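Student: missing the sequence, but the structure's below:
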Ligand code: NAD
């Protein structure tokens with residue numbers, strides 16, 4: 001065996017029902033006292049108790065920032081950075097989904113006037129951005145992503161109670177987005193046995209938790225299992241790098257402005273069906289994680305239980321977009337993809353995903 005695995009250093013706190021105290025403890029542990037608190041208007045009710053607890057602990061929220069936009073337009077990032085610098089923030093706390101975490105990352109990344117101050121992420125979806133050192137910014141219609149060690153949150157505070165308000169359709173789409181991280185980590189360009197072991201346990205956690213949350217959105221036990229699975233999946237993905245699945249979703253999302261989590265939820269079964277026959281270790285691990293006869297059967301059964309998103313045409317992709325997407329996707333798929341990608345198999349995959357024909 002020959003491989004080099006890099007683990008990213010961060011603290012991970014599970015604080016069921018008590019994010020406010022968890023955040024206070026993390027800010028104090030970092031020796032910081034001037035907080036920039038980021039949460040969108042929709043996430044306000046989740047962030048208010050955090051602000052109150054910080055004030056009670058004598059820690060100052062020097063700026064509260066609500067302008068959060070999906071995929072972090074550069075202008076939005078600039079305004080947030082300026083606000084942080086003007087207020088003299090020495091730590092950023094983000095309370096929200098992947099878009100909110102993403103704005104927090106944009107504030108602390110290279111090039112910002114407050115670059116390098118620590119970020120504490122309090123996730124309220126299963127996006128997993130909190131466990132990666134990847135940032136994303138959008139200029140016009142072009143989304144750029146990059147790696148910067150400064151954007152890795154110093155601490156994550158997971159509180160299952162914050163996710164009881166996540167609407168059912170978003171829970172399912174976001175949970176399957178997390179599952180896409182672990183499945184793609186099985187064959188990503190830098191995938192190693194440590195990533196695969198983390199991904200396998202991530203899939204197990206998601207498959208155990210998601211049906212519970214889908215059946216009862218207030219199930220804190222189900223949410224916690226799902227958060228645990230989502231965290232492991234994101235860690236595995238951050239190390240393994242984007243495989244075929246993420247390359248497809250990145251191209252489609254950028255070309256047709258598709259919703260992030262739903263696109264992942266639709267595309268995943270098709271990539272798994274294409275790759276599993278040529279990826280025996282992934283097949284074995286994914287099937288074991290689902291406790292099913294095969295990887296594809298396990299995913300099929302979970303998706304049925306969740307009434308998962310099915311067709312890209314339902315999310316605004318035009319049919320003639322299939323032909324347009326083939327070349328850019330082919331160019332982006334890593335050379336080590338288990339099944340060689342051809343115009344024919346990729347077109348068939350996109351047609352099936354567009355139409356909602358399950359493999
Ligand atoms: P999101 O953050 O845009 O949230 C979707 C909607 O749900 C928003 O309106 C939000 O306000 C609302 N919401 C969030 N939590 C809620 C809750 N608990 N209750 C009620 N409403 C809630 O969507 P997302 O899928 O979490 O994140 C997508 C973004 O994250 C994309 O831009 C994606 O590129 C990015 N992302 C980045 C990485 C990375 O490693 N850099 C990883 C995964 C995702």
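Tutor: Nice, I can see it. Fair warning: this is a prediction, and the values are worked out from it, not measured in the lab.

Student: how about the residues of the chain near the ligand?
Tutor: Within reach of the ligand by C-beta under 6 Å from any ligand atom, the chain has these residues: 40, 42-43, 70-71, 96-100, 102, 124-125, 127-129, 132, 134, 136, 162-163, 165-166, 170, 174, 260-261. To be clear about C-beta, it is placed using only N, CA and C from the backbone, and glycine gets the same treatment.

Student: Find the residue closest to the residue most central in space within the chain in space, skipping its chain neighbours.
Tutor: In the chain, the residue lying closest to the centroid (C-alpha atoms, centre = their mean) is residue 127, at 2.6 Å. In this structure, residue 127 finds its nearest non-sequential neighbour in residue 98, 3.1 Å apart by C-beta to C-beta, 6 or more residues apart in numbering.

Student: The one you found contacts residue 125, correct?
Tutor: Yes. Between residue 98 and residue 125 there is a contact under C-beta atoms under 8 Å: 6.1 Å.

Student: What about the residue nearest to residue 127, how many residues nearby?
Tutor: Other residues lying near residue 98 total 24 when counted by other C-beta atoms under 10 Å.

Student: repeat for the one 10 residues further on
Tutor: Around residue 108 sit 27 other residues, with neighbours defined as other C-beta under 10 Å.

Student: for residue 150, same thing?
Tutor: Residues lying near residue 150 (other C-beta under 10 Å) number 17.

Student: And for residue 92?
Tutor: Taking other C-beta under 10 Å as the criterion, the count of residues near residue 92 is 28.

Student: starting at the chain centroid, how far to the strand or helix carrying it?
Tutor: Using DSSP states H and E, residue 92 maps to strand 91-96. Its chain's C-alpha centre and that of strand 91-96 lie 16 Å apart, by C-alpha atoms, centre = their mean, to the nearest Å.

Student: what does that strand rub up against?
Tutor: Strand 91-96 is touched from outside by 19, 23, 27, 30, 32-40, 43, 46-47, 50, 54, 68, 84, 100-101, 103-104, 107-108, 114, 117-125, 153, 162, with contacts defined as C-beta atoms under 8 Å, 6 or more residues apart in numbering.

Student: Next, find the distance separating residue 51 from residue 286.
Tutor: 41 Å (C-beta to C-beta, to the nearest Å).

Student: Comparing these two, which residue is more hemmed in?
Tutor: Taking neighbours as other C-beta under 10 Å, residue 51 and residue 286 compare with residue 286 leading, 28 against 20.

Student: Quick check: the more buried one vs the ligand, distance?
Tutor: Going from residue 286 to the ligand by C-beta to the nearest ligand atom, to the nearest Å gives 20 Å.

Student: tell me, how many neighbours does the closest residue to residue 122 other than its chain neighbours end up with?
Tutor: Spatial nearest neighbour of residue 122, chain neighbours left out: residue 95 (4.4 Å); criterion: C-beta to C-beta, 6+ apart. Residue 95: 30 surrounding residues under other C-beta under 10 Å.

Student: Go through the contacts of strand 91-96 and flag which are in strands.
Tutor: Of the positions in the contacts of strand 91-96, 34-38, 119-123 sit in strands, assigned by DSSP state E.

Student: Which residue does the stretch 151-300 of the chain have closest to the ligand?
Tutor: residue 165 (3.7 Å; C-beta to the nearest ligand atom).

Student: who's in contact with that residue?
Tutor: Contacts of residue 165 (C-beta under 8 Å, 6+ apart): 45-46, 124.

Student: The lowest-mean-pLDDT helix or strand in the chain - contacts with which helices or strands?
Tutor: Here the helix or strand of the chain ranked lowest by mean pLDDT, DSSP states H and E is strand 142-147, holding a mean of 88. Strand 142-147 is packed against strand 134-139, helix 244-256, with contacts defined by 3 or more C-beta pairs under 8 Å, 6 or more residues apart in numbering; DSSP states H and E.

Student: can I get those in CSV with mean neighbour count and mean pLDDT?
Tutor: CSV is the format used below for the helices and strands packed on strand 142-147 (neighbours: other C-beta atoms under 10 Å; pLDDT from 0 to 100):
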stretch, mean neighbour count, mean pLDDT
strand 134-139, 19, 94
helix 244-256, 22, 94
